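Participant: Got a predicted structure plus its sequence, pasted below:
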Amino acid sequence: MQDYWQNYIDGAFVDGGAGRIDVLDPATSEVLAQQALANAADVDRAVQAAKRVHQSGALTDMRPIERGRIVQAIGRWLLDHLDEIARDLSLEQGKPLWEAEKEVRGAALYFEYYGNQASTVEGRSIPLGSGYFDWTENEPFGVSAQIIPWNYPVEMTARGLAAALTTGNACVIKSPELTPLTNTYYARAAEAVGLPNGTVNVLCGYGHEAGAALSAHPDVRQIVFTGSVPTGIAIATAAAQNLVPCVLELGGKSAAIVHEDADLEAFEDDIRWGIYFNAGQVCSAMSRIVVHKSRKDELIERAEKVAKSLSVGPGIERTESGLNMGSMVSEAQRDRAAGMVRTAEQAGARIVTGGRPLNRPGAFLEPTVLDNVTPDMEIAQQEVFGPVLSVLSFENDNDAIEIANSTDFGLVGGVFTKDLNRATRVARKIRAGQVFVNEWFAGGVETPFGGFGKSGYGREKGREALWNYVQTKNIAVKLGD
Ligand code: NAD
């Protein structure tokens, strides 16, 4: 691996005004590489470069179908470099190599999907009688700032960047300080597909320094953020000072309601993916199961079997899709998750399996299942962001809905039952932006995603996301005789 990675501003790879940061391999806790760290002056240069591109009309004057073609080319470039990106992603983030490959493929899909829609962002004509001609256009905001989390650094950047470029915005990406390396590939992709210098700027810096400077910058016109609630509030507060819109995707404490008629054998797969994919560091993780009391013992048995079946170890050695899991992103995140499990145990939860760090270097945590969790416990209310499943039980459908809705979050939810009428009724009552029926994570880049409540606002994915990157302009023409 390259030992020093630079930031990318206005078409040039540059050092950072705040020096360098060590990027650790979470599977060994040893230094993997160094990354340039941006300061506020670097952020300003990047924003000015993006603003110049916007004002030049280089993106907005282009026929959208051509802009879309360039966006799609970024996706193809990612696929052409899949092996190196996935390797570096697995090393810096800790996820299994095959999960990293899946993430890069998923990232490429955003460029394919949105690039293909560039010419569909149409306005409409509004009848005002014979004396007028009136129509709307959807204009890009200009400079889109994108602040990226460390759990899916490649895919989260793709999600915002693809939609922003498709609609003609220039972007400043603030990569996460724990996993900044793979975002550099977007700089290389932007060069390779021939985007004008300054269209895509990628810089790593601390949240309180570069992140804060970016979200408060007066020339930033729109902000996209995925991460924690406190940081989301800080960013929304900074954005409010400039009256700038945000898309905030702030995680969750999402519940699967498992009814007495659910297919629990099939549900084992949902447990495997729902809470142990990416070692549980997924905003839409199935971190709670709310199961009918008549099926709880069987469910616990099956969850224990799934957790124990996972082979946990260095992601880079886990090349094949299957029953395996990598490290968490950092020892600090691992210790936080293990601490929350201990607190849950003290509050009366039972550790069915897991809960401890592995006895080896690196940020590993055993896949964990907790029984006897009650809605008032911290573990049922707060995001663990680790491989920790909490099981709660219910007696009737109303209880189940009340428990599922008993957190401040509202990102996703799930209903598992053979009865489609019941599934539909319950799904409509779950307070969340997306509900999965009989398959956790059902959906894709095509389906809108985002939170209710403290899970944030705005939507990513799907057609809905495009409308976050444009503002409507109405043009009314008074016609002469
Ligand atoms: P964070 O929200 O603090 O960091 C996410 C991004 O925001 C990083 O790029 C960071 O540099 C930036 N940032 C931090 N402070 C900022 C500020 N004041 N202004 C602008 N940008 C700022 O997340 P974290 O501290 O790395 O993780 C803490 C918890 O957040 C996790 O345990 C997890 O619960 C949650 N989280 C959720 C997601 C998600 O996908 N929803 C992703 C990462 C973390």
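Facilitator: Yes, it's here.
Participant: If you count contacts, what does the helix or strand encompassing E265 end up packed against?
Facilitator: E265 belongs to helix 264-276 when assigned by DSSP states H and E. Packing partners of helix 264-276 (3 or more Cβ pairs under 8 Å, 6 or more residues apart in numbering; DSSP states H and E): strand 255-258, helix 296-309, strand 388-394, strand 412-416. Every C-beta, even on glycine, is put in place using the N, C-alpha and C of the backbone.
Participant: for the record, mean pLDDT for it?
Facilitator: Averaging pLDDT along helix 264-276 gives 98.
Participant: Contacts made by it with the rest, please.
Facilitator: 256, 258, 285-287, 289, 295, 298-299, 302-303, 305-307, 310, 323, 325, 367, 387-389, 414, 416, 438-441 (Cβ atoms under 8 Å, 6 or more residues apart in numbering).
Participant: Contact residues of the stretch 351-481 of the chain facing the ligand?
Facilitator: E383, F385 (Cβ under 6 Å from any ligand atom).
Participant: Now mean pLDDT and mean neighbour count too, for the helices and strands packed on helix 264-276, in CSV please.
Facilitator: Putting the helices and strands packed on helix 264-276 into CSV (pLDDT from 0 to 100; neighbours: other Cβ atoms under 10 Å) gives the following:
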stretch, mean pLDDT, mean neighbour count
strand 255-258, 98, 28
helix 296-309, 98, 18
strand 388-394, 98, 25
strand 412-416, 98, 29
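Participant: what about N138, how many neighbours?
Facilitator: N138 has 17 neighbouring residues, counting by other Cβ atoms under 10 Å.
Participant: Check the gap between it and the ligand for me.
Facilitator: 27 Å (Cβ to the nearest ligand atom, to the nearest Å).
Participant: One more: A240?
Facilitator: Here the distance between A240 and the ligand works out to 13 Å (Cβ to the nearest ligand atom).
Participant: what's the answer for H292, then?
Facilitator: 29 Å.
Participant: now D88
Facilitator: 18 Å.
Participant: mind checking how far the helix or strand encompassing A338 is from the chain centre?
Facilitator: Element membership of A338, judged by DSSP H and E, is helix 331-346. Helix 331-346 sits 23 Å away from the centroid of its parent chain (Cα atoms, centre = their mean, to the nearest Å).
Participant: So for it, mean pLDDT?
Facilitator: In the prediction, helix 331-346 has an average pLDDT of 98.
Participant: Output the helix or strand that comes right after that helix in PDB with nothing but the alpha carbons.
Facilitator: Where DSSP H and E defines the elements, the next helix or strand beyond helix 331-346 is strand 350-353. The C-alpha trace of strand 350-353 is given here as PDB (Å, rounded to 0.1, in the frame of the first residue of the first chain):
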ATOM      1  CA  ARG A 350     -28.800 -11.800  29.500                       C
ATOM      2  CA  ILE A 351     -25.800 -12.300  27.300                       C
ATOM      3  CA  VAL A 352     -26.700 -15.300  25.200                       C
ATOM      4  CA  THR A 353     -23.400 -15.300  23.400                       C
END
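Participant: picking that back up, may I see the buried residues of the helix holding E265?
Facilitator: L264, F267, E268, D270, I271, R272, W273, G274, I275, Y276 (16 or more other Cβ atoms under 10 Å).
Participant: Could you report the separation of the first one from A303?
Facilitator: By that I understand L264. Going from L264 to A303 by Cβ to Cβ, to the nearest Å gives 10 Å.
Participant: One more: the third one?
Facilitator: Distance of E268 to A303, given as Cβ to Cβ: 8 Å.
Participant: residues of stretch 145-162 that come out buried?
Facilitator: Neighbour-count burial for stretch 145-162, counted by 16+ other Cβ under 10 Å, picks out 145-162.
Participant: before we move on, what about stretch 83-91?
Facilitator: Applying 16+ other Cβ under 10 Å to stretch 83-91 flags I85, A86, R87, D88, L89, S90, L91 as buried.
Participant: Validate this expectation: L24 resides in a strand.
Facilitator: Yes - counting by DSSP: H, G, I helix; E, B strand; the rest coil, L24 is part of a strand.
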